[in-house]
Every structure is written in C-alpha cells, then in structure tokens.
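Enquirer: Here is a sequence with its predicted model. Questions after.
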Amino acid sequence: MIVNMSDGATERQIEHIIQRIREAGFQPHVTRGTERTIVAAVGSGGRRHEIEALSVAPGVDNVVAIAQPFKLVSRQTRPQPSVVVVGGQKNGGVKIGAAEVVVIAGPCSVDSREQLLETAQGVKRAGATMLRGGAYKPRTSPYEFQGLGIEALKILREARELTGLPVVTEVMSTEDMDLICEYADMLQVGARNMQNFALLRRLATVKKPVLLKRGPSATVKEWLLAAEYLLSGGNDQVVLCERGIKTFETGMRNTFDLAAIALAKELSHLPVIADPSHGTGKQSLIGAVSRAAVAVGADGIIVEVHPCPERALSDGPQSLDLTQFEAVIRGLSAPLRPVLAPAL
Ligand code: PEP
Ligand code: MN
C-alpha cells in the first residue's frame, strides 16, 4: 500500500504515518520527492485495513494499493528516476541514471595483468567511464577458463588506480562477497544467478551498488522481483541490465530484448543499462544494438573489449578490439537517420 502525503504535509504528520504503518505490521519506506512525500507500507502479514483507514489521517492525500508484485522497485513508490553512484573516490563517482549515457567497458575475464591494464587505458581514452572485468567466471562448461579469482581482483584494483575508472566485477557466491567488496566498486549478479535468492539477500546487506543482469529466461516481472529482494533488504543502489534472453533464434547467442528496457523503465525507477555483447554474441552487431538501446531509454551500455579478441580466454567472438570500440562510442553520439519527409 502507498500513503500519498499532501503537498504541505508536516514532518510530524509524516512521522505519525510511519508509526501507524509499523503498528499495522508493515515496514514503512519513505520517498521524499521535490513536491510530495510518499510512504509505502510493505511486507507480508500486516493489517491492510489499518493502512486503508489512514486516508483520513491529517496530512494524507490518499491511500492506494501498489498494483504490481514488486513494491519498492515500482515507479508508484518512487516516481522520479533513481540515480546510482558508483565509485566516488575521484570526481564524485559515476552517476548511472542521470542525464549522461554511461559506458562500461572491459574484457569478459581478466586474463592477465598486461591485458587488463592495456584495455583499461584504451577504453578510458575512447571515453568509457567504468571498467568491467570478470575474476570469477560463470562458465557453461567446467573445462572452460574459470577466472583468476583474487589475482584478477588485485589487477582490477591496479587498473582502477591507474585510470581512475570504477570497477564492476561479478560475484557468484556469498563466500566471495567480502573479498570482492574490498576490491570492486560495484558487484555484478550474472544472468545465471538472477534468482539466486541467498546471493541476493546477502547483497542487500552490502554497502556497494549492484548490477543485476536479467536471467536468460526471466520475465521482466521476475527480474524486477529479483531487484525487490535487494531493495527490501536495504540496498537501493541497484542498476538493471538487459543482456538478451533465450528464444528459438539461432543466429545470435541470445535475443536482445529492446522493448524490455523500455518496459523496465516504465515500471521501475531503477536505471537500466544494456549489454549488447552477451545480447548478441557478435562483434558486428554491438554498435547497432547499443544505439538502439540508448534510443529506447537505456541509461548506459556495458561492452566487452579485449586488445586481441582472438586471444581472449572467454567470449572472444563478441569482444571488440580497441579500434572497434572507439567506433562504437563515436556511433553512439551520431544522430539517427531522418525518417520523415520534410513537411511541405
Ligand atoms: C559477463 O558479463 O561476462 C557474463 C557472464 O554475463 P551474463 O551473466 O549476462 O551471461
Ligand atoms: Mn562475457
């Protein structure tokens, strides 16, 4: 349920509502907008009629049900888009969800110190504002390269010191979480772990932003409910990432679901970014899909880049070299083709 306070509601009136929500057996979540305050009552097992009755309390405009199963993630609870800040050691951090399109780039996996440092410097020169790189890799086959683990984390830290780019890396298990938190600025939940609820519950308690990829077979509703685990557990620094879903198509690694970006932005206040690398699996499609994603409202892109894709230890076929990456970045700011004939 949502209690919409009136424009001129006082702090005392808001406090009273918070108190009454607790008494009714729900958790209160307050969103202070520029004009009005919204107090959401979330949780299970509370007495709904006691919240409904608050519509006549002083300072309350109205009380409405939250239509969707995801509550704190919903735009109904927070109408203004959220901005997630990553890093912050230098220049106040990278803002995801603000006016500028954020470009996160780097290799699928940290293969070596030389590879990562060269990539970090190259992507920075081309205009990227964050660095990605896998230390613990979720690989389909146990015989494939699984990542360098802590050694990779140390290299990522060195790259951040060298370039100032904040770092995002994947966490696959609750066991590695404290260690990864020491080294990374943002923690990625991979597509395969989107519904790993133990992992999500633990991530809800850490003081780092989370990049939550959409599961390969997850609906948008399931994706937003996975984000709800993070917000309801206390971490609202969440960025969603569309990375393609499984369909009958075989010409690409996945089917990149452009409209899901627009839908997620419509339903939720959380920033959404696009991963055209996993979304297509093909170098040649990354520029086009990146532009399309930004056109439908994506707040940024995350792209795999390797100085020599043919030598990459993972995801070489979808990795751009530095020259190709520069071209993709240039293309992002190029105007779209005019489609309308000029008016007579
Ligand atoms: C990755 O980012 O390298 C990765 C494994 O992504 P996903 O979880 O989307 O497959
Ligand atoms: Mn990859």
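Expert: The structure has been received and is ready for your questions. Since this is a predicted model, take the numbers as computed values, not measurements. Ligands and ions are numbered 1, 2, ... in the order given.
Enquirer: OK, now which residue of the stretch 1-150 of the chain is nearest to ligand 1?
Expert: Residue nearest to ligand 1 within the stretch 1-150 of the chain: Cys108 (4.5 Å; C-beta to the nearest ligand atom). All C-beta atoms are positioned from the backbone trio N, CA, C, and that covers glycine.
Enquirer: Excluding chain neighbours, what is closest to that residue?
Expert: Nearest residue to Cys108, sequence neighbours excluded (C-beta to C-beta, 6 or more residues apart in numbering): Asp315, at 3.7 Å.
Enquirer: give me the number of residues near the one you found?
Expert: Asp315: 20 surrounding residues under other C-beta atoms under 10 Å.
Enquirer: which residues does it contact?
Expert: 108-109, 277-278, 304 (C-beta atoms under 8 Å, 6 or more residues apart in numbering).
Enquirer: Which single residue of this protein ends up nearest ligand 1?
Expert: Gly190 (3.1 Å).
Enquirer: Show me the strands in this protein, by range?
Expert: In the chain, the strands defined using DSSP state E lie at 2-5, 27-32, 37-42, 60-64, 84-86, 94-96, 102-106, 130-132, 167-170, 186-189, 210-213, 238-242, 272-274, 300-304.
Enquirer: need the contact list for the closest residue to Val30 other than its chain neighbours.
Expert: Using C-beta to C-beta, 6+ apart and skipping the chain neighbours, the partner closest in space to Val30 is Val39 (5.3 Å). Counting by C-beta under 8 Å, 6+ apart, Val39 touches 2-3, 5, 14, 17-18, 21, 28-31.
Enquirer: ok, back up a step: quick one, what contacts the residue of the chain closest to ligand 1?
Expert: Gly190 neighbours (C-beta under 8 Å, 6+ apart): 138, 170, 172, 213.
Enquirer: Repeat the analysis, applying 6 Å as the threshold.
Expert: 138, 170, 213 (C-beta atoms under 6 Å, 6 or more residues apart in numbering).
Enquirer: Pick out the lowest-pLDDT one from those.
Expert: Within those, the minimum per-residue pLDDT falls on Pro138 (93).
Enquirer: residue boundaries of the helices in the stretch 151-300 of the chain?
Expert: 177-183, 197-203, 220-232, 258-267, 276-280, 286-295 (DSSP state H, counting those that start in this stretch).
Enquirer: can you redo those as a markdown table with distance to Arg330?
Expert: A markdown table is the format used below for the helices of the stretch 151-300 of the chain (distance: least, C-beta to C-beta, whole Å):
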| stretch | distance to Arg330 |
| --- | --- |
| helix 177-183 | 32 |
| helix 197-203 | 35 |
| helix 220-232 | 31 |
| helix 258-267 | 21 |
| helix 276-280 | 16 |
| helix 286-295 | 9 |
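Enquirer: Please identify the most buried of those helices.
Expert: Highest mean neighbour count among the helices of the stretch 151-300 of the chain (mean count of other C-beta atoms under 10 Å): helix 276-280, with a mean of 26.
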